[in-house]
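**Student:** Got a predicted model here, sequence first, then my questions.
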Amino acid sequence: MIILSPSILSADFANLERDVKKVCDAGAEYVHVDVMDGHFVPNITIGPCVVESLRKVTDKILDVHLMIENPLEYAEAFLKAGADIITIHHETSPDIDEIYALTQKYGKKLCVSLNPPTPVEVLDQYADKVDMFLVMSVNPGFGGQSFIESSLDKIRYLRKKYPDIDIEVDGGIKLDNVNKVIDAGANVIVAGSAVFCAEDPEQTVKQFMGEKV
Ligand code: DX5
Ligand code: ZN
């Protein structure tokens, strides 16, 4: 089953509740929250207080993608705020045992991601601790970038080796390339600009989920 995780990075932050409800009512099961610190990536976005506010307006899975230099320092604040999935980046050299213990303590899921230049094999060391791997298919930092084709090989590698682990893909996913990543083995699809910049976001969510609209 394919899960859609619309990235609110492309939503209207002044109308976040409206935009989140729109995509959730249309059938999206996750809400992807991009947290950026201006150090790990050249952009600054959302902190735990926004997650806390989102928690009050939706029961959907809050899929929190930490693009920050020291994820361990902030992970607990996001878990307390109501995150259901915490994604950290391999490139931050995370203390996986500590962060795993933390997500276990809150009964939440852990995911490890990697940037486009990083070889996929680095993820092997996390396989016994994670519920999901996130393959970045753009260089993290901004919405609306073009999909990097070499991400497909990473998805195939992970799907073949880890049939039971969720594989999420994030960056440059549109209606016209989503089938490619699904065929490669991804089962959780992040889409930001393709959903929120669409003329009709609800209809676009339904189309992503394979419904005839
Ligand atoms: C990029 C973020 C993505 C971004 C995707 O650094 O991690 O989640 O919002 O946006 P689109 O779908 O527009 O590429
Ligand atoms: Zn993301």
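**Tutor:** Done, it's in. Ligands and ions are numbered 1, 2, ... in the order given.

**Student:** Need phi/psi at residue 75.
**Tutor:** The phi/psi pair for residue 75 (degrees, to the nearest 10) reads phi -60, psi -40.

**Student:** can you give me the helices for the protein?
**Tutor:** Listed in chain order, the helices of the chain (DSSP state H) span 16-25, 48-57, 71-81, 96-105, 151-161, 178-184, 193-196, 201-208.

**Student:** now the last one and helix 16-25, what's the angle there?
**Tutor:** I take that to be helix 201-208. 30 degrees (axes from the mean of the first three to the mean of the last three Cα atoms, to 10 degrees).

**Student:** hmm, back to that, so which of the helices of the chain has the densest surroundings on average?
**Tutor:** helix 193-196 (a mean of 23; mean count of other Cβ atoms under 10 Å). C-beta: built from backbone N, CA, C; applies to glycine.

**Student:** for that helix, packing partners?
**Tutor:** The contact analysis (3 or more Cβ pairs under 8 Å, 6 or more residues apart in numbering; DSSP states H and E) places helix 193-196 against helix 16-25, helix 201-208.

**Student:** okay, the ones you listed in TSV with mean pLDDT next?
**Tutor:** Formatted as TSV, the helices and strands packed on helix 193-196 follow (pLDDT from 0 to 100):
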stretch	mean pLDDT
helix 16-25	98
helix 201-208	97
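
**Student:** right, so of these, which gets closest to ligand 1?
**Tutor:** helix 201-208 (11.0 Å; Cβ to the nearest ligand atom).

**Student:** could I get the closest one in PDB with only the CA atoms?
**Tutor:** Extracted as PDB, the C-alpha positions of helix 201-208 are listed here (Å, rounded to 0.1, in the frame of the first residue of the first chain):
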ATOM      1  CA  PRO A 201      -4.500  20.100  -4.000                       C
ATOM      2  CA  GLU A 202      -7.300  17.700  -2.900                       C
ATOM      3  CA  GLN A 203      -7.700  16.300  -6.400                       C
ATOM      4  CA  THR A 204      -3.900  16.000  -6.700                       C
ATOM      5  CA  VAL A 205      -3.800  14.000  -3.400                       C
ATOM      6  CA  LYS A 206      -6.400  11.600  -4.800                       C
ATOM      7  CA  GLN A 207      -4.500  11.300  -8.100                       C
ATOM      8  CA  PHE A 208      -1.300  10.500  -6.200                       C
END
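
**Student:** on that earlier part again, quick check: which of the helices of the chain is nearest to residue 139?
**Tutor:** helix 151-161 (11.2 Å; Cβ to Cβ).

**Student:** what does that closest one contact?
**Tutor:** 114, 116, 120-121, 123-124, 127, 133, 135-137, 165, 167, 169, 171, 180-181, 184-186 (Cβ atoms under 8 Å, 6 or more residues apart in numbering).

**Student:** so the residue of the chain found nearest ligand 2 bridges to which residues?
**Tutor:** As assessed by Cβ to the ion, ligand 2 sits closest to residue 65 within the chain, at 3.8 Å. Counting by DSSP bridges, residue 65 is bridged to residue 34, residue 87.

**Student:** returning to that earlier point: could you tell me which of the contacts of helix 151-161 count as buried?
**Tutor:** Applying 16 or more other Cβ atoms under 10 Å to the contacts of helix 151-161, the neighbour count classes 114, 120, 123, 133, 135-137, 165, 167, 169, 171, 180-181, 184-186 as buried.
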